[in-house]
Structures are given as structure tokens and as C-alpha cells.
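# Need coordinates for the below:
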Amino acid sequence: VQLVESGGGLVQAGSSLRLSCAASGRTFSSYNMGWFRQAPGPEREFVAGISWSGYTYYADSVKGRFTISRDNAKNTLYLQMNSLKPEDTAVYYCAADQKRQPPSEYWGQGTLVTVSS
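Predicted coordinates for the structure are as follows:
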């Protein structure tokens with residue numbers, strides 16, 4: 001599976017942004033998918049996940065502000081981000097995994113989100 005993120009950019013605090021992750025292959029619907037982020041530093045942080053069956057789960061830091069969704073017909077994963085805060089600034093990565101949740105088998109190259117105060 002190859003994953004390509006898009007939709008990042010520079011926005012002001014309080015704004016919204018939607019990230020997309022286009023997946024290659026014919027079995028996208030069978031993968032657990034997720035979003036992670038990495039601010040400057042060693043740790044990559046889990047943000048949101050969605051199972052192959054549509055079950056969603058979130059990190060406490062984004063619950064109520066971010067929404068993960070998937071369109072299996074388009075082989076695309078989304079992350080709708082509302083009420084953005086400067087601390088949401090990071091490189092956002094999508095991930096896919098046939099077995100594990102949160103997913104960790106395949107990774108995209110990342111897309112940068114910068115939130116100014």
C-alpha cells in the first residue's frame with residue numbers, strides 16, 4: 001500500500017483544514033487507517049484512527065475538534081480539523097495496517113500543518 005497525504009498548509013488559530021490521504025491498491029477497505037503527527041522532537045503522536053469496519057477513536061487532545069473518515073470507493077482517508085490551535089502544528093502522517101490498531105504497517109510521507117496564533 002502506498003499512501004500520499006495532502007491538504008496541509010498555514011492557517012490561523014481557530015480555522016479549519018481537511019487533510020486527505022490517497023491510498024493505492026485494491027484492498028483499501030480491508031485496512032485499519034489512522035493519522036499521526038510529529039512536532040519538532042522524537043515522538044510521533046497518535047491523533048485519530050478508523051477501523052476497516054468504520055469504528056473511530058481519537059487522542060484526547062483532538063477529541064471534539066477533529067473527525068476522521070474514509071471513502072472506500074475513492075481509496076481515501078480524511079481528517080477534518082476544526083478549531084485549530086498553535087499546538088496542532090506538526091507534520092501529519094497517515095498510516096495503514098491490516099491487523100493492528102492504531103495502524104503502523106505502512107506510512108505516508110507526511111504533510112505539514114502550521115497554525116499561527
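# which residues of this structure fall in strands?
Applying DSSP state E to the chain gives strands spanning 3-6, 9-12, 17-23, 32-38, 45-50, 56-58, 66-71, 76-81, 90-97, 106-107, 111-116.
# For the first one, list every residue counted as buried.
Residues of strand 3-6 classed as buried by neighbour count (16 or more other CB atoms under 10 Å): 3, 5. (Each C-beta comes from the backbone N, C-alpha and C, glycine too.)
# just checking, what packs against that strand?
strand 17-23, strand 90-97 (3 or more CB pairs under 8 Å, 6 or more residues apart in numbering; DSSP states H and E).
# List of residues touching it?
Residues outside strand 3-6 that contact it (CB atoms under 8 Å, 6 or more residues apart in numbering) are 19-24, 92-96, 106-111.
# Now do the closest residue to Ile68 other than its chain neighbours against Cys94, distance only.
Sequence neighbours aside, Ala48 is the residue nearest to Ile68 in space, at 4.0 Å (criterion: CB to CB, 6 or more residues apart in numbering). Per CB to CB, to the nearest Å, Ala48 is found 10 Å from Cys94.
# quick one: which of the helices and strands packed on strand 3-6 is nearest Val11?
Val11 sits nearest to strand 17-23 of all the helices and strands packed on strand 3-6, at 5.6 Å, using CB to CB.
# Specify the beta-bridge partners of the residue nearest to Ile68.
Beta bridges link Ala48 to Trp35, Tyr58, judged by DSSP bridges.
# With that, I have no additional questions.
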